[in-house]
Every structure is written in C-alpha cells, then in structure tokens.
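Peer 1: sequence unknown, structure follows:
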C-alpha cells in the first residue's frame, strides 16, 4: 500500500516532531501487536516511518505514513467480499484440478498471478468450452492480486450490462458503475460473448474495453467463444483491442463440472 509523505513543522518542547515520537512508539509497540484492535497508533493500522529521501531533501527528519500487515489484510478481505462472488470463494490455484488438458493453461495463469505487480499492463483471455475451469483460474488470479494489496474486481459481463442498463432508467442506481469498473486497476471480465448482441451492447463494451486499453490497465477475460465468434458478436474494433491487450490462453478437455457431477453421482 502506498505511503503518504508528510512533513509536519509542529514539535514537542524537546524539539522532536510528533511523528518522530509516534515512530519511536511504533518501533516499541508494533513488533508485539496482535491485531488492529490492539493498535496504539492514532489511526489504527497506520504508522510513521523515516523517509530517507525526504529527510535528505528537507534536511530534517521527515516521515511517511504506511499501513501495517493487519490493515492490509483487512483491506484484502474487504475487497474479496465486495468483488468476488461467494460461489468462487474456494476457487484457488490449490483447489484447481490439474490434468493433461489444462496443465499448460494452469501454469500460464499461475505464473501470471505470481509475477503480477503495479507495473503489469498486459492481460489474458481464457478461452475454451463450458466447464473447463476458465472462471476458476480467473478467480484464483484475482485472489493473488488482491493479496498483494492491488485493487481488483471480478464481474460477470451480462450482469454488468444489466446493471448499466438499469442505471439509465433508475435515478437511485449507481450511474458511476461503468466508470468504476472500467478504471479498476485490475479487472476480470467473466463470460464475455455470452450476452445477447445489440448495437447498445457493442457500444457499452467498446467504451469499457477501450478505456482499459488506453489506460493500459491489465484485464483478464473468460469466454466460451472462439476469436472468430467474438468478432461476429462484438465487432472487430473490440476484438482487435482485446488481442492487443491480452495473451490468449486456451483450455481444452471435458467439462470439469460434468465430471464432478458424475463423480458425486457415483458415490451415492
């Protein structure tokens, strides 16, 4: 989480800045802290640390406020609850069933998630038949990204379009939804191409994809369509941007969900 550099001229009678006193107190208290409920800082989860470059610049001790591990963990959990559907709560790399058909895709997604950072600009498009694990892998990537303290979200494309459509007719709806989704630092667009194609749908998706394209924001998409089918559904200008933004990852094999159902039925 980014630290905010502040220089406060206010000092105590001993010539020590308030932030300097708090930094000393944090050095004593933070190592034995058991969580946010026990935090001794004025703003729970935040502590001042000496900023060496600013100190040299100002020629006086200058501090940056930075968050602790407990605060960052809280932010991650809040983001998961807000942006990750409960159905995908257990969808991790560890719980993914790897086989000869999906191992290459799994390895690519795992590597992408592990290497993801604030400077990442490229994305992935996971394509393949229904039930082959595309959404599972996309959710697993998002979890890793959130755990790194990077803002992210996962949204079903048909649902997003429905909510945008409602916002045009409902004064109480959040009219900024499309903008907030479009500018999220990391975004998973699940099941693109599943929506019914209309001129309005194409225009809304173009605005969304084009915003992320221009701002170089990393995006992971999942689809049951081939690229040719996406061109038919979404149009060339959208697909051209997706191809430039995202590396294709193909999933093959039988439907994972069907195999799971067969396995459950066999145990009964």
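Peer 2: Looks like it came in fine. As the structure is a prediction and not an experimental result, all values here were calculated from the model.
Peer 1: Quick one: neighbours of residue 182, just the number.
Peer 2: Neighbour count for residue 182, taken as other C-beta atoms under 10 Å: 17. To be clear about C-beta, it is placed using only N, CA and C from the backbone, and glycine gets the same treatment.
Peer 1: All the strands of the stretch 1-150 of the chain, residue numbers only.
Peer 2: Assigned by DSSP state E, counting those that start in this stretch, the strands in the stretch 1-150 of the chain fall at 4-6, 46-50, 63-67, 123-127.
Peer 1: Relative to residue 144, which of those strands is closest?
Peer 2: strand 123-127 (13.0 Å; C-beta to C-beta).
Peer 1: Spatially nearest residue to residue 206, not counting backbone neighbours?
Peer 2: Nearest non-adjacent residue to residue 206, counting by C-beta to C-beta, 6 or more residues apart in numbering: residue 238, 5.3 Å away.
Peer 1: and whatever helix or strand the one you found lives in, what other elements does it pack with?
Peer 2: Using DSSP states H and E, residue 238 sits in helix 236-245. Judged by 3 or more C-beta pairs under 8 Å, 6 or more residues apart in numbering; DSSP states H and E, helix 236-245 is in contact with helix 199-215, helix 227-234.
Peer 1: Run through who's touching the first one.
Peer 2: Judged by C-beta atoms under 8 Å, 6 or more residues apart in numbering, the contacts made with helix 199-215 from elsewhere in the structure are 157, 161, 164-165, 178, 181-183, 187, 189, 192, 195, 217, 219, 234-235, 237-238, 241-242, 244-245.
Peer 1: same thing but 7 Å
Peer 2: 161, 164, 178, 181-183, 187, 195, 219, 234-235, 237-238, 241-242, 245 (C-beta atoms under 7 Å, 6 or more residues apart in numbering).
Peer 1: Now do the buried residues in that helix.
Peer 2: For helix 199-215, the neighbour count (16 or more other C-beta atoms under 10 Å) marks 201-202, 204-206, 208-209, 212-213 as buried.
Peer 1: One more: the shortest one?
Peer 2: Of the residues in helix 227-234, 230, 233-234 count as buried by neighbour count, 16+ other C-beta under 10 Å.
Peer 1: sorry, back to before: I'd like the distance between the residue nearest to residue 206 and residue 207.
Peer 2: With distances taken as C-beta to C-beta, to the nearest Å, residue 238 is found 10 Å from residue 207.
Peer 1: Quick one: the strands of the stretch 1-150 of the chain as a markdown table, columns for mean pLDDT and mean neighbour count too.
Peer 2: Formatted as a markdown table, the strands of the stretch 1-150 of the chain follow (pLDDT from 0 to 100; neighbours: other C-beta atoms under 10 Å):
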| stretch | mean pLDDT | mean neighbour count |
| --- | --- | --- |
| strand 4-6 | 44 | 13 |
| strand 46-50 | 85 | 19 |
| strand 63-67 | 83 | 20 |
| strand 123-127 | 97 | 24 |
